[in-house]
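*Asks:* Quick one, what's the 3D model for this:
(one chain, ligands or ions: 1)
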Amino acid sequence: AIERTLSIIKPDAVAKNVIGKIYDRFESNGLKVIAARMKQLTRAEAEGFYAVHKERPFFNDLVNFMISGPVMVQALEGENAVLKNRELMGATDPKKADAGTIRADFADSIDANAVHGSDSLENAAIEIAYFFEAADLCSR
Ligand code: CMP
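*Replies:* As a prediction, the model looks like this:
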């Protein structure tokens, strides 16, 4: 089915100037960017976005990293978009990511891991709504 998912290009990948290379992975694999914005997250925005991880030991490092520079946030649309994006990203820890995935090619560590992608259709809807209004989504 045609799905939507939320993608974030994290501060490490924005700093490496590889937004376009990462967009090419999406576009070459059937995912369309239907909304996008570059944004410097506030601490409150990053904490809210990652609220499900609040009790995890890595939460503070994660939030500090996500506010260390601007991020590129996009809604992606396409067939099986949630899983497709996760396959393109590769494993959370770039050391474990398959060759040719975004994280294998552009990430440095489990924290500076280049991209975020929604892990389920349900979370995708919540995460897209966190950054975009319905009218921002240019489905096509
Ligand atoms: P992301 O998909 O953005 O969701 C939460 C992030 O926490 C994850 O990517 C990693 O960058 C970061 N993180 C740091 N340590 C861990 C860990 N041990 N397990 C999962 N995520 C971690």
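
*Asks:* could you give the mean pLDDT of stretch 132-139?
*Replies:* Mean pLDDT, stretch 132-139: 97.

*Asks:* how about it: buried residues?
*Replies:* By neighbour count on 16 or more other C-beta atoms under 10 Å, the buried set for stretch 132-139 is Phe132. Every residue, glycine included, has its C-beta placed from N, CA and C.

*Asks:* from the chain's centre, how far out does that stretch sit?
*Replies:* Its chain's C-alpha centre and that of stretch 132-139 lie 17 Å apart, by C-alpha atoms, centre = their mean, to the nearest Å.

*Asks:* Which residues of this structure lie near the ligand?
*Replies:* His53, Phe58, Leu62, Thr92, Ile110, Asp111, Asn113, His116 (C-beta under 6 Å from any ligand atom).

*Asks:* Filter those residues down to the ones in helices?
*Replies:* Among the residues of the chain next to the ligand, the members falling in helices (DSSP state H) are Leu62.

*Asks:* Spell out for me the ChimeraX command that would select the buried members of the residues of the chain next to the ligand.
*Replies:* Restricted to buried positions by 16+ other C-beta under 10 Å, the ChimeraX selection for the residues of the chain next to the ligand reads:
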select :62,110,111,113,116
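
*Asks:* hmm, who's touching stretch 122-139?
*Replies:* When contacts are defined by C-beta atoms under 8 Å, 6 or more residues apart in numbering, stretch 122-139 is touched by residues 3-6, 34-35, 37, 39, 48-49, 73, 75, 77, 81-82, 118.

*Asks:* Many thanks, have a good one.
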